[in-house]
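> No sequence on hand, only this structure:
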C-alpha cells in the first residue's frame with residue numbers, strides 16, 4: 001500500500017476488465033441457497049403460537065430438519081400496507097436491521113382474527129377488504145383481497161435463514177457444528193460454499209460470524225409485468241432471470257458498464273412493482289446487504305372450485321410470477337404494498353421512505369460539466385461561450401482536478417487561486433457552481449480533514465481494528481464512516497463557510513465514488529469484513545453507504561444557511577430513500593446510440609422507485625459523440641428531470657457551440673425549450689413532493705388498463721400532459737409513436753396536428769424534430785421569454801398551452817415560490833394556481849388557499865388547440881378591472897387560437913371568455 005501513495009492513479013484504475021465483477025455462480029450465498037432449496041426442506045408454523053397485540057401478530061416458524069425456531073411478525077400499516085419481519089427467535093447477538101430509511105413512525109392497524117380453520121388462520125386489517133391468511137404446514141402466507149389471493153409468500157418453499165454461530169476461533173467445528181454451518185450442507189465442501197471465508201480472485205473475505213444469508217419467495221397471481229429494483233442497464237420491464245442470471249443489487253463502480261446486463265451498478269433500491277389491469281402491487285425488501293432477485297413468470301394451472309361443476313373442466317390456466325429475494329445478511333423485513341392503483345402504490349412507498357425533495361429551481365436548468373475544466377480562465381471562457389451563443393445555462397461544474405491533490409474541501413492554488421472571484425463572476429449572471437466531494441480522504445497528516453477525522457476515529461476500520469486503507473483518486477486513502485451519526489454531523493460542519501475556505505452560497509455539491517469505490521479492491525469496492533460504527537461489518541450495510549454521505553452533505557448545505565436554503569446534492573450511489581436528499585444520475589455511460597436508448601428505461605425505473613430527480617450524462621461520459629448523436633442526446637435530456645452534459649478526461653471538448661452553426665442552433669433550440677418548460681417541470685416537482693407520482697412516467701402509469709402500454713420503454717409521459725418519444729437511432733427519418741387511450745386526443749407540440757389515441761403512428765422526423773405530444777385535456781404553463789439563466793427569468797411572462805379534450809375541456813396547474821428557500825414550507829410562501837377550460841371559458845383560480853406569494857408575473861400568451869370553430873370575440877374578465885376585448889388569431893387548418901399581448905397577473909383570479 002505504501003507504494004501506491006507515490007503511484008500515479010489514473011482512469012485505468014477504474015476502467016478495469018469486467019471479469020473482476022462477480023456473476024451469480026461466484027457468489028457463495030447464492031450457491032448455498034440454490035443447493036439447499038433443491039432438497040425441498042420446509043418450514044412450519046404452530047398456530048397455537050400466534051399472539052396478537054395492538055401493533056402486530058407474532059408467531060413461531062420452525063425448520064423441520066433443524067428444529068431451530070424463527071420469530072415472525074406481521075404488521076398492518078395504514079394505507080393498505082403489510083409488513084413481515086422474520087428474525088432468529090434467540091440470536092447469539094443482534095442481527096443488522098436497516099435504520100434511517102423509514103421516515104415516519106408507522107401507524108399500525110390492529111390485525112384481528114376473523115376466521116380459523118384447521119391448519120390456517122385469517123387476519124383482517126380492520127377495513128375488511130384486505131386479509132392475511134397464515135397457513136401452518138408448510139408455512140405460507142396469502143394476501144387476500146376481495147376473496148382473491150393476490151400474493152403468496154413462501155408458496156415455493158424458498159424461505160431460507162442461516163443462523164448466527166459462535167466464531168470458529170472460539171469453537172472448534174465439530175461434525176454437528178458443520179451440519180449447522182449452512183442449513184443442509186454438511187456433506188459439501190465448505191470452501192466452495194464460502195461458509196467462513198470466501199475466495200474471489202486474489203481476495204479472501206473472512207466471515208467472523210459465519211454464513212448469515214436469508215431468502216424468501218413471493219408469488220404474484222395474475223401478474224406478468226414487473227418493474228423496479230434499480231440500478232441495471234436493462235429494460236424497464238423486468239425479465240425472467242433463468243438459471244444463474246439473477247438481478248444483482250450491490251453498489252459498484254462500473255466504468256462504461258455493459259448494456260442489457262443484470263450486474264448491479266452504482267445504486268440499489270430493493271423495491272419492485274407488479275402491475276396488471278385492475279391491480280398494482282409493490283414489494284419493498286428492506287435490506288442493505290448484497291441482494292439477488294430471481295424472477296420467473298409462468299402459466300399456472302389452478303383447480304376450479306367444486307361448485308363450478310364439470311363444465312369448467314375442473315382447471316383454469318392463470319399467469320403467475322414468482323420473485324425470489326436472497327440477501328447475504330440481515331433479517332427478513334419486507335413491506336407489501338397492496339395498491340390497488342399505481343398512484344396508491346407510489347403513495348404507500350413514499351409514506352415509508354419519503355417523497356422527492358423540492359429542488360432549488362436553478363437545478364432544473366442546464367448543467368455544464370467535464371472532467372475537468374482546467375482553471376479559472378477556462379471556467380470564464382466556457383461561461384462566456386454560452387452568452388456569446390445565446391444558450392442558457394445555470395450551473396458550472398468542477399471535477400476532482402479543482403482540488404489540491406484530490407484533497408476535498410481545498411482548491412488547487414495554481415489553477416484556482418481565487419475561487420471566490422470565480423464564483424462572483426457566475427453570481428453576476430445568476431449562475432451557480434457545483435464541486436465534487438468524494439468519501440475517500442487522502443492519507444496525509446498535514447491535510448486538516450484527514451488529521452481531524454483520524455484523531456476522532458471517524459474512518460471505517462479494517463477487520464483488525466486499524467483504519468481501513470484503500471486506493472482511489474488521491475492515492476492511499478481512508479474512508480469516512482458515514483453510518484456513524486457523529487461522523488455525519490462533523491462532515492456536515494465542513495460545508496460551513498468558515499470551514500470550507502473559498503466557498504460561497506452559490507456553491508453546491510456532487511458526491512461521486514460513494515459506492516464506495518476502492519481501486520484494486522474486491523470488485524473495485526470495500527472489503528466486506530471492514531468494520532463500521534456499532535461494530536457492524538461492511539457486508540451488512542454496503543448498499544446504504546452512499547445514501548449516508550448524501551444525507552450528511554445535504555444537511556451540511558442546509559446548516560450553512562441556518563436552515564433557510566434548499567440544498568442541491570447529486571449522488572452516484574443511492575438506496576431507498578435517497579430521493580429525500582437530492583438527485584441521481586446513471587453514471588459512466590458511453591457516447592454511443594445504444595447508451596442514449598437505454599437511458600429511457602433506466603430513468604423510468606429510477607422514477608417509479610421514488611427517485612424522480614434523475615438523469616444521464618448528455619452526450620455520453622466516455623468517448624467522443626458525433627454531432628448527430630450529441631444533438632439527439634440534448635433533445636432527449638431536455639425532457640428528462642436532471643439535465644447535465646458531462647465528459648471524461650482525454651475526450652474532445654464538446655461545448656454546445658463546437659460542432660458548427662447548424663448543430664449549435666439545434667442544441668440551442670433543445671436547451672431553450674427546456675427553459676420554456678421550467679414552470680411545468682417545477683410544478684411537477686411540487687406534485688411529486690406532495691403526492692408521490694413520478695415526473696417521468698412509463699405509459700402504463702397513466703394508462704393502467706391498456707395492455708399495449710405495459711412494455712413500452714422508448715417513450716414516456718412527462719407528468720400527465722406531455723408524451724415524449726426521443727429519437728435514439730442514427731439517420732432516423734421516421735419513428736413509430738404509440739399514442740395511447742381510445743378516448744384521448746393528442747396534439748403535436750410543434751405542428752399542432754391532432755391525432756386520435758389508441759394508435760401507433762409513423763411520425764416523420766428531421767434532425768430538428770423530437771416527437772412531443774400534448775395530451776388533450778391539459779394545460780401546460782411555460783415561460784415565453786428565455787434568458788441566460790433561471791435567475792434572470794423570475795419575472796419573465798408566462799404562456800399557457802391549452803390542449804382541449806374530445807369534449808372540449810382542459811385543466812392544469814402552476815406551482816410557484818421563490819425557487820430557493822424553505823419559506824414555501826415554513827411560511828406558506830407559495831402560489832398554487834389552477835387553470836380550467838370549459839364551455840368556452842378559461843379560468844385561473846386558487847388551488848390552495850394556504851399559500852401566498854407576491855409575483856409580478858403576467859400571462860402574456862395563450863394558445864388553445866382543438867378549438868373547432870373560429871370565435872367571434874374574446875374578452876378577459878377580472879375582479880379588479882373592467883372587461884377587456886382581446887385581439888386573436890385563429891388558424892382553421894390546425895384549429896388553433898392564439899392570444900398575445902395579454903397582461904393577466906398570474907396570482908390573480910381571472911377569466912377569458914371565448915364566444
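Arrived safely. Small disclaimer: the values here were computed from a predicted structure and weren't measured.
> Burial check on the residue nearest to residue 244 when sequence neighbours are not counted, number of neighbours?
What sits nearest to residue 244 in space, not counting adjacent residues and going by C-beta to C-beta, 6 or more residues apart in numbering, is residue 24, at 4.6 Å. For the C-beta atoms, the positions are set from N, CA and C on the backbone; glycine is no exception. If you count neighbours by other C-beta atoms under 10 Å, residue 24 ends up with 19.
> Residue 460 now?
Residue 460: 26 surrounding residues under other C-beta under 10 Å.
> In contact with it, which residues are there?
Under the criterion of C-beta atoms under 8 Å, 6 or more residues apart in numbering, the neighbours of residue 460 are 467, 468, 478, 479, 480, 481, 526, 530, 531, 532, 538.
> Can you get me a residue count around the second one?
If you count neighbours by other C-beta under 10 Å, residue 468 ends up with 24.
> List the residues that contact it.
So residue 468 contacts 459, 460, 461, 462, 478, 479, 526, 527, 530, 531 (C-beta under 8 Å, 6+ apart).
> Tell me which residue lies nearest the centroid of the chain.
Among the residues of the chain, residue 611 comes closest to the average C-alpha position under C-alpha atoms, centre = their mean, at 2.8 Å.
> ok, so what distance separates that one from residue 424?
Distance of residue 611 to residue 424, given as C-beta to C-beta, to the nearest Å: 34 Å.
> ditto for residue 68
On the measure of C-beta to C-beta, residue 68 and residue 424 end up 66 Å apart.
> How about residue 572?
Per C-beta to C-beta, residue 572 is found 29 Å from residue 424.
> more crowded one of the two?
Taking neighbours as other C-beta under 10 Å, residue 572 and residue 424 compare with residue 572 leading, 25 against 12.
> Could you tell me the phi and psi values at the more buried one?
When read as degrees, to the nearest 10, the backbone of residue 572 gives phi -90, psi -40.
> Please give me every residue in contact with it.
For residue 572, the contacting residues are 266, 267, 511, 512, 513, 514, 515, 546, 584, 585, 587, by C-beta under 8 Å, 6+ apart.
> If any of those are buried, give me the ChimeraX selection for them.
The following ChimeraX line selects those of these that are buried, judged by 16 or more other C-beta atoms under 10 Å:
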select :266,267,511,512,513,514,515,546,584,585,587
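> Now pLDDT, secondary structure and distance to residue 789 too, for the contacts of residue 572, in TSV please.
Formatted as TSV, the contacts of residue 572 follow (pLDDT from 0 to 100; DSSP: H, G, I helix; E, B strand; the rest coil; distance: C-beta to C-beta, whole Å):
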residue	pLDDT	secondary structure	distance to residue 789
266	98	coil	29
267	98	coil	30
511	98	strand	24
512	98	coil	24
513	98	coil	29
514	98	coil	29
515	98	coil	33
546	98	helix	30
584	98	strand	23
585	98	strand	21
587	98	coil	27
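> right, and out of the contacts of residue 572, which lies closest to residue 564?
Residue 564 has its nearest neighbour among the contacts of residue 572 in residue 511, at 22.2 Å by C-beta to C-beta.
> That closest one contacts residue 434, doesn't it?
No: judged on C-beta atoms under 8 Å, residue 511 makes no contact with residue 434 at a distance of 10.7 Å.
> Find residues that contact each of these two.
Joint contacts of residue 511 and residue 434 (C-beta under 8 Å, 6+ apart) are residue 570.
> Going along the chain, name the helices of the stretch 301-450 of the chain.
Assigned by DSSP state H, counting those that start in this stretch, the helices in the stretch 301-450 of the chain fall at 342-353, 376-388, 419-428, 448-456.
> of all the ones you listed, which lies closest to residue 738?
Checking the helices of the stretch 301-450 of the chain against residue 738 by C-beta to C-beta gives helix 342-353 as the closest, at 18.1 Å.
> Name the residues of that closest one that come out as buried.
342, 344, 345, 346, 347, 348, 349, 350, 351, 352, 353.
> Also stretch 97-104?
Judged by neighbour count (16+ other C-beta under 10 Å), stretch 97-104 contains these buried residues: 98, 101, 102.
> what about the first one, is that helix, strand or coil?
Under the three-state scheme (DSSP: H, G, I helix; E, B strand; the rest coil), the conformation of residue 98 reads as coil.
> Might one say that it is in contact with residue 333?
Yes: the pair residue 98 / residue 333 is scored as a contact, 7.1 Å apart, by C-beta under 8 Å.
> what touches both of those two?
By C-beta under 8 Å, 6+ apart, residue 98 and residue 333 have these common neighbours: 286, 287.
> Make TSV from the buried residues of helix 342-353 and add distance to residue 123 and pLDDT to it.
Listed next are the buried residues of helix 342-353 as TSV, based on distance: C-beta to C-beta, whole Å; pLDDT from 0 to 100:
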residue	distance to residue 123	pLDDT
342	26	98
344	21	98
345	22	98
346	26	98
347	23	98
348	19	98
349	23	98
350	26	98
351	21	97
352	21	98
353	25	98
